[in-house]
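Colleague: Sequence first, predicted model second:
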Amino acid sequence: MAFIGGASAFIESSLAQLYKRRDRDGFIGGPAYYMQRGLGARWMGVLFAVILIICFPIAFSSLQANTIQATIAGSLGGESAAWLPWVTGGALALLMGLVIFGGVRRIASVTQTLVPIMALLYLLLGVVIVAMHIERLPGVFATIFLEAFGPNEVVGAALGYIILTGVKRGMFSNEAGLGSAPNAGASAAVTHPVKQGLVQTLGVYFDTFLVCSITAFIILVSVPDLAGAERGIGLTQGAVVSALGTWSNILLIVIIFLLAFSSILGNYYYGQTNVEFITSRTGVLLGYRLFAIAAVFTGALVSADVVWNFADGAMGFMALVNLVAIALLSGIAFKLLKDYTQQRREGLDPVFTRARLPEVSGIEVWEDELSVTGPIDLPASRRR
């Protein structure tokens, strides 16, 4: 599944780079753009954009706000349940407003600082907990395979449910094939579309094999018996506290906040990119911003099950539309890969221009090598 996800991430991100366009802040693109420019189907791009706006800045941001609220509530033992969701939702909405009204550059500045800190802290926490219970690790691996592929699961048709759940949660984690990550990937300034495609592919394996696996290990080495265990973020929180003590609640709150809030900002940017694809009217963008802030506030108040069900449904429709598009355009992505590998064999740092694929239409940028690499500021040039 990870291999399929990696291939999907490569294709969609390479296409998003190829069909991106310039705007006042740099580059903008994503599946809606390659549906319009690559397939000539603006209606399909608009459909995808609408689904993404519903799925990410509304459903998924609500879920992240709910996760932050649940983590804080769990650390307080539920003593402040009456007022905590309102305060948490209000604080998140305020912070989000301060960032998003600062523009795309502020979003990038905040997230590029938060995400590495979040990832390193969480991985370090997981390694420490696993090391403390290293003697349980063989049993953990045995449990994973026996519970997933044991005879009872296969005969009882539970295997299909396990796989389906894994696919849904895997898409939520690494977004491969979903069509969300290419909206951010298109904003990167690279010299060849394939370079960004390979970066996005690496992200799939990082999420799947490191972040998700370390979460499973934290839970299974700390809570060997999952019968009657709490669901959701409370399960991970309980596992961390049982391994490290109550002080770790504060550390986990910080990590979850960094993870979830950076995701909220990323979700907002995905939505903004697609709102701008549909219309450039400033009034519509302002309304979208207010609606996205309201979704975060509401997410801290509602039940997690309600948000998860809504997010899963929207995610399924979104993936279906995007997978059809990348299947139809995959030939172009492989032509890009062929061009990239050919330049690498020649000992070059690959640089793409649209003249290298003259048969492909709809490419706005990539005009010539100078526009791709930028002017070289040599000392001799400055003297002249």
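Modeller: Structure received.
Colleague: Just list the residues touching the nearest residue to Ile11 once chain neighbours are set aside, thanks.
Modeller: Closest residue to Ile11 apart from its sequence neighbours, by CB to CB, 6 or more residues apart in numbering: Ala333 at 4.3 Å. C-beta: built from backbone N, CA, C; applies to glycine. The contact partners of Ala333, taken as CB atoms under 8 Å, 6 or more residues apart in numbering, are 10-11, 14-15, 197, 326.
Colleague: make it 7 Å
Modeller: 11, 14-15 (CB atoms under 7 Å, 6 or more residues apart in numbering).
Colleague: Considering those, which possesses the most neighbours?
Modeller: Counting neighbours by other CB atoms under 10 Å, Ser14 comes out on top of those with 32 neighbours.
Colleague: I'd assumed Pro193 was in contact with that residue.
Modeller: Yes. Under the criterion of CB atoms under 7 Å, Ser14 makes contact with Pro193 at 4.6 Å.
Colleague: From Gly74, how far out is the residue nearest to Ser222 when sequence neighbours are not counted?
Modeller: Nearest non-adjacent residue to Ser222, counting by CB to CB, 6+ apart: Ala239, 3.8 Å away. According to CB to CB, to the nearest Å, Ala239 and Gly74 sit 12 Å apart.
Colleague: before we move on, what about Gly40?
Modeller: Counting by CB to CB - Gly40 and Gly74 are separated by 50 Å.
Colleague: Please apply the same query to Arg37.
Modeller: Here Arg37 is placed at a distance of 47 Å from Gly74 (CB to CB).
Colleague: any common contacting residues for Ser14 and Pro193?
Modeller: Leu336.
Colleague: between the contacts of Ala333, which is closest to Gly29?
Modeller: Nearest to Gly29 among these: Leu15, at 8.8 Å, using CB to CB.
Colleague: That closest one: what's its closest spatial neighbour, skipping adjacent residues?
Modeller: Tyr34 (4.4 Å).
Colleague: tally of neighbours for Cys361?
Modeller: No Cys there; residue 361 is Ser. That count, for Ser361 with other CB under 10 Å as the rule, works out to 10.
Colleague: looking at this, it is in a helix?
Modeller: No. Applying DSSP: H, G, I helix; E, B strand; the rest coil, one finds Ser361 to be coil, outside a helix.
Colleague: where does it land on pLDDT?
Modeller: Per-residue pLDDT puts Ser361 at 90.
Colleague: ok, now Leu164?
Modeller: So, for Leu164, pLDDT stands at 46.
Colleague: cool, Ala59 as well?
Modeller: Ala59 is assigned a predicted lDDT (pLDDT) of 85.
Colleague: so it makes contact with Ala314?
Modeller: Yes. Taking CB under 7 Å as the definition, Ala59 is a contact partner of Ala314 at 5.2 Å.
Colleague: Those two - which one has more neighbours?
Modeller: More crowded of Ala59 and Ala314, by other CB under 10 Å: Ala59, with 22 against 19.
Colleague: can you pull the contacts of the residue lying closest to that one once chain neighbours are set aside?
Modeller: Nearest residue to Ala59, sequence neighbours excluded (CB to CB, 6+ apart): Ala311, at 4.0 Å. By CB under 7 Å, 6+ apart, the contact list for Ala311 reads 55, 59-60, 63.
Colleague: Can you pull out the low-pLDDT segments for the protein?
Modeller: Within the chain, the segments meeting pLDDT under 70 span 1-5, 77-81, 103-114, 147-176, 207-208, 224-232, 374-384.
Colleague: so who does Gly316 touch?
Modeller: Neighbouring residues of Gly316 by CB under 7 Å, 6+ apart: there are none.
Colleague: From Asn309, how far out is it?
Modeller: 11 Å.
Colleague: Please work out which residues outside stretch 345-358 touch it.
Modeller: When contacts are defined by CB under 7 Å, 6+ apart, stretch 345-358 is touched by residues 191-194, 335, 339-340, 343-344, 363, 366-369, 372-373.
Colleague: Can you tell me which of these is closest to Phe261?
Modeller: Using CB to CB, those come closest to Phe261 at Pro193, 30.2 Å.
Colleague: Now for the closest one, how many residues are close by?
Modeller: Neighbour count of Pro193, defined by other CB under 10 Å: 28.
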